[in-house]
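Q: this is a predicted model, with the sequence first.
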Amino acid sequence: MKVSALIVSLTCTLVNVSGFQQLPRFIGSKFVSRNGLITSDSNMQLNMGARNRAWAKGDLSDKDIFDDGDDDGDASAKKEKFKLTPEVVFFEGPPSTSELIFPALSIITVIGVVPFASALSRQAWVRYKFTSRRISIQSGIGGKEQTEIIYQDIEEIRYAFRSFGAAGDMVLFLKDGAKVEMRFVPKFKEIYSYVLEKVEDECREKSMKLPVEKTE
């Protein structure tokens, strides 16, 4: 009986040993996986901590937390999507010098002195700047006042030619009810056409159109 019990005990031991699967274990601060690879436990905690912080900020989705692969192509595409194009200056300069002609002719009278002095001050201190993103106006005594208008804020544009069409006055009606006037804008037709291209479609429909030039 003792011999039989010993044989049964040995048989059960062999079955348990053959069916045993090695489980992950820790050696000090090292983590040993089933395939025998050893990974630092501190490195694992740092990696997971960085991913959790990114997920909390909204940089990662729930799926990204469990995704170990980095998709460089998608990251580059996102950067290109939100990358701003460089601002291009179309025109920058003072009002047209043609505004000095008539005030200069009338300077022989006392009344003509004031308009001539006003025109001179605009030539010295006023600067217009039209870029791909905005319209900037420098004015005031010494040119210390700065006004900037983005094209999306413009609701309507009206104009009046000056100096036989070489220059013009441009009035910008903004969506908040404000009105901005620019006097004696040089190269008027080119600048006005450029501004119409940058504004929204609704503003373009409301605004005054340039006369169509007749072709022979």
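A: Good, I have the coordinates.
Q: partners of residue 91 in the sheet?
A: For residue 91, the beta-bridge partners are residue 130 (DSSP bridges).
Q: in contact with it, which residues?
A: For residue 91, the contacting residues are 128, 129, 130, 186, 187, 190, 191, 194, by CB atoms under 8 Å, 6 or more residues apart in numbering. Using the backbone N, CA and C atoms, a C-beta is placed for each residue, glycine as well.
Q: ok, now residue 93?
A: 127, 128, 186.
Q: repeat for residue 210
A: Contacts of residue 210 (CB under 8 Å, 6+ apart): 189, 192, 193.
Q: what ranges do the strands span in this protein?
A: 25-27, 30-32, 38-40, 89-93, 127-131, 134-139, 145-150, 154-162, 167-174, 179-186 (DSSP state E).
Q: by how many degrees do the fifth one and strand 89-93 diverge?
A: Angle, strand 127-131 to strand 89-93, by axes from the mean of the first three to the mean of the last three CA atoms, to 10 degrees: 180 degrees.
Q: next, the angle from strand 127-131 to strand 179-186.
A: Using the same axes, to 10 degrees: strand 127-131 against strand 179-186 is 100 degrees.
Q: let the chain start at 213 from now.
A: With 213 as the first residue, the last one maps to strand 339-343.
Q: and strand 339-343, what does it pack against?
A: Helices and strands touching strand 339-343, by 3 or more CB pairs under 8 Å, 6 or more residues apart in numbering; DSSP states H and E, are strand 301-305, strand 346-351, helix 400-410.
Q: can you pull out the residues in contact with that strand?
A: 299-307, 347-351, 355, 394, 397, 403, 406-407.
Q: list the contacts for the closest residue to residue 345 other than its chain neighbours?
A: Nearest residue to residue 345 in three dimensions, chain neighbours excluded: residue 299, at 5.1 Å (CB to CB, 6 or more residues apart in numbering). Taking CB under 8 Å, 6+ apart, we find residue 299 in contact with 343, 344, 345.
Q: tell me the contacts of the second one?
A: So that's residue 344. By CB under 8 Å, 6+ apart, the contact list for residue 344 reads 297, 299, 300, 302, 410.
Q: top of the contacts of residue 305 by neighbour count?
A: Looking at the contacts of residue 305 with neighbours defined as other CB atoms under 10 Å, the largest count falls to residue 340 at 22 neighbours.
Q: average pLDDT across stretch 346-365?
A: The pLDDT scores in stretch 346-365 average 94.
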